[in-house]
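S.K.: Based on what follows, work out the 3D shape:
(chains A, B and C)
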Amino acid sequence: MLLKKRPGFLSRFRHGFRRNGQRAEQPEYKVKLDIFEGPLDLLLHLIERAEIDIYNIPIAYITEEYLAYLRTIELLDLYYAGDFLVMASTLMQIKARMLLPRPPETLVESEENEEEDPRRELVERLLEYKKVKEAAAALRAQEEQWSRYYYRSGGTFPDLEEEKPDDPVGGDLSLWDLIQAFRSLLESLTPRLELEGMPVEEESIQDRMDEIMQRLSRKPQLYFSTLFSGLTTKKSMITCFLAILELIRMHRIRVRQDRLFGDIEIIRGEEDDGGLQ
Amino acid sequence: MGFNKVRGIIEALVFASSEPVRPREIAGILGINEHTVCELLDDLIEEYRQKKRGIQITQVAGGYQFATNPEYADFIKKMKKAPRHTPLSQAALETLAIIAYKQPVTRAEIEALRGVSVDSSLNTLLERGLIEEKGRKDGPGRPILYATTGSFLKYFGLNDLSELPAIDDPTVPGTAVESIMNIDH
Amino acid sequence: MGFNKVRGIIEALVFASSEPVRPREIAGILGINEHTVCELLDDLIEEYRQKKRGIQITQVAGGYQFATNPEYADFIKKMKKAPRHTPLSQAALETLAIIAYKQPVTRAEIEALRGVSVDSSLNTLLERGLIEEKGRKDGPGRPILYATTGSFLKYFGLNDLSELPAIDDPTVPGTAVESIMNIDH
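M.R.: This is a model prediction of the structure:
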């Protein structure tokens, strides 16, 4: 069910961060694949955010951005990194081919057999994926409309069973935005993080989740930056971030951002409304 | 049997079934013709539609079933023992969209479009009964083919697959779903 | 809110609840007093009682609930007996296999083996009468234990559980069910 990870491949793409052994300390914790939509989704996100023409992607820039996300994903030790690595190597191949000077012969050749843009296949895949996202959005609208119809209980209609919450990323913010925010925090705090190695209190993801929910019971919202500002090690930040992902998955919190590049706000999710009354 | 009684039985049958009931099935049970059943059903539907009733008969997945009036959904949500609607995750929804529009389709075809492994979302969808295995594709490995189910139709309030929303984004030239989704089978 | 709307909401709440609804809960949701709710419920009950309706509201276990008119029970039985066209899903089948070979077994144990939530398959299997609840396990939370039924044996043409096929796939080394299924009780 979970994609097998290939640690050997990961190290090739690691530049900024040193693995600090959190994998061994939290071996049982895996963020489910289902939360993430994958490399094509990340690429589309990067392209849309930078307002780039999809037919003319600045491949060097996009590759850099992509790898930066990948490093964060790797740091979080999420289990679907393999799919992202395949795309990373595709991007780097395209980048290399774009840098190759065109031999003079191709100029002649191109009249009968036009030189293919190395990006063409990727663009086609992205366009196809875009359609998938549109189809999914259409189904989402339909799902919302029909969730207002309640059928008789006791049937086999999947809607009616009290299932454990599935893994939607509740909220109005894409997960990529969240990872981006986490990445910036890590980067801005790097000097302080050098203190790492000093003995720190062990803290589990569950402890963090409890703490976040407790803080949210006192205040309507929490800010991403305040939540992380008291943390002094990379490990505790990762734990905190994974706790946030898990709470999102459980619908207990939602994240949102009021304006572009504003601080990310954490609020209680639907599943936790009961606690208010 | 009197008219009221037949109508009453149809009402009971539609209520008792946990899946949408087809008029043909009702006709078989009552020993009357399907056309009469449909007329009586229309009559019942009309009756429930009046007077801001709390429940109504909906036509879905090729059959008939009771459901609450969507106008009152917000009140139902407040109830302790209300069935909970758990929306599908974005990942599961994308996988489902591909299956819905391209069925029958293999896992490899879905993965090619989504660019990720889809084991987990296929499991979720199978578990929720929204998709099923539907034979195997000819060719190397004879991979399993996936298709949507009746529950899928019900979940999205569709009578049949032809009612799937048309997706054609005019802002992206030349990417009508028909052409883009047209990968080889 | 108009009278018809309030009545409609009450009707919807009674319908959607998986257990009998208490007037007090309805009163809380609507922000009206309990006495009024009871009056409106009586009114609804009376309305359904007329004209040989197929469904009615009954008072049970201190709450209110929809049920079919008992006069029509025979027709409903006919429907329930009608063969189901839908075969068991792969997910339900896997859950059933685990219950068959490991019974009695708790939901948590099944989920540990399948790696997914199995609420939906358990419901399907319970609804089809292939499994049943069989007491509770000692220990924290006293979870429900599930076991197969007589219908299960009939469905698969077995005389008793000892006739369950030994599952040991020689093509895949190391997959004897006994070892795979050997989780702790």
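
S.K.: is stretch B:151-158 up against chain A anywhere?
M.R.: Yes - counting by C-beta under 8 Å from any C-beta of the partner chain, contacts between stretch B:151-158 and chain A involve B:151, B:154-158. Bear in mind the C-beta positions are built from the backbone N, C-alpha and C, glycine included.

S.K.: mind listing the helices for the stretch 1-150 of chain A?
M.R.: With DSSP state H, counting those that start in this stretch, the ranges of helices along the stretch 1-150 of chain A come out as A:7-10, A:22-25, A:39-49, A:59-75, A:81-99, A:104-109, A:120-146.

S.K.: try chain B
M.R.: Under the criterion DSSP state H, chain B contains helices at B:3-16, B:23-30, B:34-49, B:73-77, B:90-102, B:107-114, B:119-127, B:150-155, B:177-180.

S.K.: For C:Asn33, find the nearest of those.
M.R.: The closest of these to C:Asn33 is helix B:73-77. By C-beta to C-beta, the value is 16.5 Å.

S.K.: need the contact list for the residue nearest to B:Ile57 when sequence neighbours are not counted.
M.R.: Closest residue to B:Ile57 apart from its sequence neighbours, by C-beta to C-beta, 6 or more residues apart in numbering or on different chains: B:Ile45 at 4.8 Å. Residues near B:Ile45 by C-beta atoms under 8 Å, 6 or more residues apart in numbering or on different chains: B:56-57, B:59, B:64.

S.K.: Which among those count as buried?
M.R.: In the contacts of B:Ile45, burial by neighbour count holds for B:56-57, B:64, counting by 16 or more other C-beta atoms under 10 Å in any protein chain shown.

S.K.: Redo these as a markdown table? Include pLDDT and distance to B:Glu133.
M.R.: Shown next, in a markdown table, are the buried ones among the contacts of B:Ile45 (pLDDT from 0 to 100; distance: C-beta to C-beta, whole Å):
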| residue | pLDDT | distance to B:Glu133 |
| --- | --- | --- |
| B:Gln56 | 92 | 34 |
| B:Ile57 | 92 | 32 |
| B:Tyr64 | 92 | 28 |
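
S.K.: from those, which is closest to chain C?
M.R.: Using C-beta to the nearest C-beta, B:Gln56 comes nearest to chain C of the buried ones among the contacts of B:Ile45, at 9.5 Å.

S.K.: Kindly state the beta-bridge partners for the closest one.
M.R.: Counting by DSSP bridges, B:Gln56 is bridged to B:Ala67.

S.K.: That one against B:Glu46, yeah?
M.R.: No - between B:Gln56 and B:Glu46 there is no contact under C-beta atoms under 8 Å: 10.1 Å.

S.K.: Which one, of the helices of the stretch 1-150 of chain A, ends up nearest to B:Gly8?
M.R.: helix A:120-146 (28.1 Å).

S.K.: Could you quantify the relative orientation of the closest one and helix A:81-99 as an angle?
M.R.: 140 degrees (axes from the mean of the first three to the mean of the last three C-alpha atoms, to 10 degrees).

S.K.: How about helix A:120-146 and chain C, touching?
M.R.: No - Helix A:120-146 lies out of reach of chain C by C-beta under 8 Å from any C-beta, never closer than 14.2 Å.

S.K.: just checking, what packs against that helix?
M.R.: If contacts are counted by 3 or more C-beta pairs under 8 Å, 6 or more residues apart in numbering or on different chains; DSSP states H and E, helix A:120-146 sits against helix A:39-49, helix A:81-99, helix B:90-102, helix B:107-114, helix B:177-180.

S.K.: right, and those helices - which one's nearest chain C?
M.R.: helix B:90-102 (11.9 Å).

S.K.: Can you tell me which helices and strands the closest one packs against?
M.R.: Counting by 3+ C-beta pairs under 8 Å, 6+ apart, helix B:90-102 packs on helix A:120-146, helix B:107-114, helix B:119-127, strand B:144-148.

S.K.: So which of the helices and strands packed on helix A:120-146 is the most surrounded?
M.R.: Most buried of the helices and strands packed on helix A:120-146, by mean neighbour count (mean count of other C-beta atoms under 10 Å in any protein chain shown): helix B:90-102, with a mean of 26.

S.K.: There's contact between B:Ile32 and B:Val6 in this structure, I believe.
M.R.: Yes - counting by C-beta under 8 Å, B:Val6 is a contact partner of B:Ile32 at 7.0 Å.

S.K.: And the two? Which one has more around it.
M.R.: B:Val6 (18 against 15; other C-beta atoms under 10 Å in any protein chain shown).

S.K.: I'd like to check which residues are in contact with that one.
M.R.: Contacts of B:Val6 by C-beta under 8 Å, 6+ apart are B:30, B:32, B:40.

S.K.: pLDDT wise, what is the second one at?
M.R.: I take that to be B:Ile32. B:Ile32 is assigned a predicted lDDT (pLDDT) of 91.

S.K.: Ramachandran angles for it?
M.R.: Geometry field for B:Ile32 lists phi and psi as phi -120, psi 170, criterion degrees, to the nearest 10.

S.K.: need the contact list for it.
M.R.: So, once contact is read as C-beta under 8 Å, 6+ apart, B:Ile32 ends up touching B:Val6.

S.K.: And it, how far from chain A?
M.R.: 25 Å (C-beta to the nearest C-beta, to the nearest Å).

S.K.: ok so, going back, and of the contacts of B:Ile45, the nearest to A:Leu139?
M.R.: B:Gln59 (19.6 Å).

S.K.: How about the closest one, nearest residue that isn't a chain neighbour?
M.R.: Using C-beta to C-beta, 6+ apart, the nearest residue to B:Gln59 is B:Asn159, at 6.2 Å.

S.K.: Dump the residues of stretch B:151-158 next to chain A to a markdown table, plus pLDDT.
M.R.: Below are the residues of stretch B:151-158 next to chain A laid out as a markdown table (pLDDT from 0 to 100):
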| residue | pLDDT |
| --- | --- |
| B:Ser151 | 86 |
| B:Lys154 | 86 |
| B:Tyr155 | 89 |
| B:Phe156 | 92 |
| B:Gly157 | 88 |
| B:Leu158 | 91 |
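
S.K.: buried subset of those residues?
M.R.: Among these, those buried by neighbour count (16+ other C-beta under 10 Å) are B:151, B:154-158.

S.K.: Just name the closest of those to chain C, please.
M.R.: Using C-beta to the nearest C-beta, those come closest to chain C at B:Ser151, 9.0 Å.

S.K.: out of the helices of the stretch 1-150 of chain A, nearest to A:Glu246?
M.R.: helix A:22-25 (15.1 Å).

S.K.: on that earlier part again, now mean pLDDT and distance to C:Tyr146 too, for the helices and strands packed on helix B:90-102, in CSV please.
M.R.: Shown next, in CSV, are the helices and strands packed on helix B:90-102 (pLDDT from 0 to 100; distance: least, C-beta to C-beta, whole Å):
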stretch, mean pLDDT, distance to C:Tyr146
helix A:120-146, 88, 31
helix B:107-114, 93, 30
helix B:119-127, 87, 17
strand B:144-148, 95, 28
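
S.K.: hey, which of the ones you listed is tucked in deepest?
M.R.: helix B:119-127 (a mean of 23).

S.K.: Next, the angle from that helix to helix B:107-114.
M.R.: Using the same axes, to 10 degrees: helix B:119-127 against helix B:107-114 is 120 degrees.

S.K.: so does helix B:119-127 get close to chain A?
M.R.: Yes - Helix B:119-127 comes into contact with chain A (C-beta under 8 Å from any C-beta), by way of B:119-121, B:123-124.

S.K.: Contact partners for A:Tyr55?
M.R.: With C-beta under 8 Å, 6+ apart, A:Tyr55 has these contacts: A:Val123.

S.K.: Ramachandran coordinates for it?
M.R.: Main-chain torsions, A:Tyr55, degrees, to the nearest 10: phi -80, psi -10.
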